[in-house]
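Participant: Structure here, sequence nowhere to be found:
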């Protein structure tokens with residue numbers, strides 16, 4: 001079995017979903033954002049980005065992504081991971097990419113209720129600015145996300161059905 005990469009917008013629930021999926025598949029789970037922070041000596045990714053800057057983070061993110069072992073595991077990527085360098089192309093060649101797709105309104109609601117201090121791209125924005133920012137950024141990132149092998153809609157799709165779909169896909173590829 002190859003690695004499974006979960007992509008989607010911030011607040012989509014990639015880590016929560018990824019843990020559930022890894023448990024169902026009985027394989028390891030890795031949160032790429034936490035991994036980046038941890039290997040660089042930070043407790044939270046926001047601390048790392050605030051200290052090193054977004055461009056350094058994106059470079060390190062790509063390097064660490066591509067250094068992950070080629071083994072069965074579920075990797076929850078950061079919201080922007082597939083949108084930089086050749087990360088999406090690399091993930092699609094290295095394993096299976098699943099887009100966790102949520103309605104824009106649900107994403108905005110979740111993000112407004114989240115701890116913004118842990119979201120460097122949103123931390124200084126008002127609620128209205130968050131709405132506008134998410135709308136624009138989601139449009140920019142959608143083509144990358146939609147290039148995934150499988151799109152999963154957590155509000156309507158069944159996790160067990162997805163697991164079956166994943167097993168069929170991995171068996172045939």
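Facilitator: Thanks, I have it. All values reported here derive from a predicted model rather than from experimental measurement.
Participant: all strands in the protein, in order from the N-terminus.
Facilitator: In the chain, the strands defined using DSSP state E lie at 4-7, 28-31, 73-76, 96-100, 150-152.
Participant: mind checking how far the second one is from the chain centre?
Facilitator: Computed by C-alpha atoms, centre = their mean, to the nearest Å, the separation of strand 28-31 from the middle of its chain amounts to 12 Å.
Participant: Ok, the shortest one next?
Facilitator: Once both centres are worked out by C-alpha atoms, centre = their mean, strand 150-152 turns out to sit 13 Å from its chain's centre.
Participant: Can you list the helices and strands that that strand packs against?
Facilitator: The helices and strands touching strand 150-152, judged by 3 or more C-beta pairs under 8 Å, 6 or more residues apart in numbering; DSSP states H and E, are strand 96-100, helix 159-172. Backbone N, C-alpha and C define where each C-beta goes, glycine included.
Participant: rerun at 10 Å
Facilitator: strand 4-7, strand 96-100, helix 159-172 (3 or more C-beta pairs under 10 Å, 6 or more residues apart in numbering; DSSP states H and E).
Participant: How about the fourth one?
Facilitator: Using 3+ C-beta pairs under 10 Å, 6+ apart as the contact criterion, the elements in contact with strand 96-100 are strand 4-7, helix 14-25, strand 73-76, helix 127-145, strand 150-152, helix 159-172.
Participant: Turn those into CSV, columns for distance to residue 87, mean pLDDT and mean neighbour count.
Facilitator: Conversion of the helices and strands packed on strand 96-100 to CSV gives the following (distance: least, C-beta to C-beta, whole Å; pLDDT from 0 to 100; neighbours: other C-beta atoms under 10 Å):
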stretch, distance to residue 87, mean pLDDT, mean neighbour count
strand 4-7, 9, 98, 29
helix 14-25, 14, 94, 18
strand 73-76, 11, 98, 25
helix 127-145, 9, 97, 14
strand 150-152, 17, 94, 18
helix 159-172, 20, 84, 13
